[in-house]
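Colleague: below is the sequence, then the predicted model.
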Amino acid sequence: MNVAAPMRTTGRRVTGWALKVAGLGRIYGDPGPGSLAGTGPGAGTSVSPLTGAVVAAWDVSFDVSPGEALGVVGESGSGKSTVMRCLAGDERPTGGSAYLREAGDGDLFALDDGERRRLRIDKIAVVYQDPAAGLNLGVSAGGNIAEPLIAAGGRHFGRIRDRAAELLERVEVPLDRMDDPVRTFSGGMRQRVQIAKALANRPPVLLLDEPTTGLDASVAAGVLDLLRGLLEELGVAAVVVSHDFTVIEMLTRRVLVMQHGRVVESGLTDQLLEDPQHPYSQRLVAAARG
Ligand SMILES: Nc1ncnc2c1ncn2[C@@H]1O[C@H](COP(=O)(O)OP(=O)(O)OP(=O)(O)O)[C@@H](O)[C@H]1O
């Protein structure tokens, strides 16, 4: 299937999409036709009463432009991480399609595993909640960042080291820690190294899955500040998944609210925070406002 090429405007920001997702769905268990009935927000569950399948995400559609960040917010079990895992290529969706401008007009979900892995080298980068998922903790900070650079064809030791140092400096990790194993770093520093590694090959798309959950509040605030600056500066198209509207508010321009595997509301983040329409969004916003 061909998708019309997005329009480019002058400057770093473009009006066309960098990533477009249409009708993404993921069902765990029997994906037969009966499995959708009786699931979703109206039914109050994502588990099919007929087949027992879990409709973790269904009919999720959005696009993200370069220089834009889109949030996906919802409570535990709402399906937001499933969406992220499908986009990252960590698992295969049951249905839908996705297009990456820089990868031509082919459906990402139709690629084989090897092709998906190649996209992860320099086109779609992921920052996971758990730094251990994105880093090798036994390897130095510099070595972790070198890994995607080498995978992308980097062979010159000096240039790889310079790029690693530049990235560590940008994420405010002291350069004298560059050769220390990441295992010896604090949680906040590990997350900064993970961010540096994700950005190593200047990917057009960055997926952030609960990037500050699990960090102490003051450490999380520092990492959020860093991410906000990077997203403004880099022109990357970002998708930010979080259960926390405070994170979404700080990092994103638009947001989707998910409940029981479905999108129940979407819009500009500040407007949705100001005047949420769906009762579930109202509950999430109230929780964020304390
Ligand atoms: N491998 C799996 N097998 C079966 N069900 C799964 C699997 N992974 C996720 N689920 C179910 O899919 C639904 C959505 O899970 P998902 O992890 O996407 O939610 P989430 O909103 O990201 O929550 P959390 O923040 O807790 O990860 C949940 O009901 C979950 O139990």
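Modeller: Looks like it arrived, so ask away.

Colleague: you'd agree E249 is in a helix?
Modeller: Yes: E249 sits within a helix when classified using DSSP: H, G, I helix; E, B strand; the rest coil.

Colleague: how close does it get to L87?
Modeller: Distance, E249 to L87, using CB to CB, to the nearest Å: 22 Å. Every C-beta, even on glycine, is put in place using the N, C-alpha and C of the backbone.

Colleague: what about whichever residue of the stretch 151-290 of the chain sits closest to the ligand, distance to R92?
Modeller: In the stretch 151-290 of the chain, no residue comes nearer to the ligand than H243, which is 5.7 Å away by CB to the nearest ligand atom. Distance, H243 to R92, by CB to CB: 24 Å.

Colleague: for these two, indicate the residue with more neighbours.
Modeller: Each of H243 and R92 has its neighbours counted (other CB atoms under 10 Å); H243 has more, 19 against 11.

Colleague: using CSV, write down the CA coordinates of the longest helix along the chain.
Modeller: Counting residues, the longest helix in the chain under DSSP state H turns out to be helix 217-234. Output of helix 217-234 as CSV, limited to C-alpha atoms (Å, rounded to 0.1, in the frame of the first residue of the first chain):
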residue,chain,number,x,y,z
ALA,A,217,11.0,13.0,42.2
SER,A,218,14.0,15.4,42.1
VAL,A,219,16.0,13.1,39.8
ALA,A,220,13.0,12.6,37.6
ALA,A,221,12.5,16.3,37.3
GLY,A,222,16.1,16.7,36.1
VAL,A,223,15.7,14.0,33.5
LEU,A,224,12.4,15.5,32.3
ASP,A,225,14.1,18.9,32.0
LEU,A,226,16.8,17.3,29.9
LEU,A,227,14.3,15.5,27.7
ARG,A,228,12.2,18.6,27.2
GLY,A,229,15.3,20.5,26.0
LEU,A,230,16.4,17.7,23.7
LEU,A,231,12.9,17.3,22.1
GLU,A,232,12.9,21.1,21.4
GLU,A,233,16.3,21.1,20.0
LEU,A,234,16.6,18.0,17.9
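
Colleague: sounds good, over and out.
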